[in-house]
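Colleague: Give me a 3D structure for the following:
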Amino acid sequence: MNVNPIQLFDSESSTFTYILVADDETSAVIIDPVDHNCERDLAHLERLGLKLAFVLETHAHADHVTSAGKLREVTGARAAVPSGCGITPAEVQLSDGDIIRFGPDERIEVLHTPGHTAGSVSYLWRGNVFTGDTLLIDGCGRTDFQSGSAHALYESVTGKLFTLADATPVWPGHDYKGQSVSTIGWEKRHNARLVNRSEEDFCELMAALDLPKPTLIDIAVPANKNLGLADGA
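Modeller: Okay, the predicted model is just below:
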């Protein structure tokens, strides 16, 4: 089996979901699943003979509803989320430097990378980094809601993600331009939001974006704080 990250795409929200497979080819975790793709994701797991150990979230999403709660119910996996982002039903609350273990000897390191939201994290696995909405290909997440901070995002990217090896593959939480993967080195040299910008310049740029409110934010954020399940489910 190919043990590289399995990357799945949701065309409605331009969200990437990832399945990471352990060396034993029976254990897996999933990152940032989307509610209406739950059956698709379960079919992938069944087809590959995988037992789901964890459902991981990079943050409480504003543009789609997660299927974390349903996947947990169906598979028996545990939900693991960033601490401080208000997803209280999850069994595992993650902090910077925590290690998630699955399979015989797989380890995922948690990197607290706030800015898009106060609780945003990235995940480092086998030299790959899954950056959620913190670092995108040739861009970054917005910082104007959910306790976002352009100052924090700048530090998360330049002070933490950009200290990883240049060859580190970057697997983002979204893409809107038909791209699927980048590297830390490429983003350090070419990212249009960050290259050759001081922190002050970056914060001015982010403040001037004047982006529309996400269509689903009033539905998605409360739902995602309950792992995508209806109240009382």
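
Colleague: Please make it C-alpha for all contacts and neighbour counts, starting now.
Modeller: OK.

Colleague: so where is this structure shaky, pLDDT-wise?
Modeller: Counting by pLDDT under 70, the chain contains low-confidence residues at 1-3, 231-233.

Colleague: Can you pull up the most central residue in the protein?
Modeller: In the chain, the centroid-proximal residue (Cα atoms, centre = their mean) is residue 132; its distance is 3.0 Å.

Colleague: now it: how far from residue 58?
Modeller: Residue 132 is 5 Å from residue 58, where distance means Cα to Cα, to the nearest Å.

Colleague: what do you get for residue 110?
Modeller: 10 Å.

Colleague: So between these two, which is more surrounded?
Modeller: The neighbour count for residue 110 versus residue 58, taken as other Cα atoms under 10 Å, is higher for residue 58 (27 against 22).

Colleague: Surely the more buried one is in contact with residue 84?
Modeller: No: counting by Cα atoms under 8 Å, residue 58 stays clear of residue 84, with 11.9 Å between them.

Colleague: shared neighbours of residue 132 and residue 58, which are they?
Modeller: Shared contacts of residue 132 and residue 58, defined by Cα atoms under 8 Å, 6 or more residues apart in numbering, comprise 120, 121, 122.

Colleague: and of those, the nearest to residue 106?
Modeller: Taking Cα to Cα as the measure, residue 106 sits nearest to residue 122 out of these, at 16.5 Å.

Colleague: can you pull out the strands in this protein?
Modeller: Listed in chain order, the strands found in the chain under DSSP state E are 6-10, 15-21, 27-31, 51-56, 78-82, 92-94, 99-102, 106-112, 121-125, 128-132, 135-136, 139-140, 169-172, 182-183.

Colleague: any idea how far the last one is from the chain center?
Modeller: If I follow you right, that is strand 182-183. Here strand 182-183 is found 15 Å from its chain centre; the criterion is Cα atoms, centre = their mean, to the nearest Å.

Colleague: same question, stretch 26-39
Modeller: Distance, centroid of stretch 26-39 to centroid of chain: 12 Å (Cα atoms, centre = their mean).
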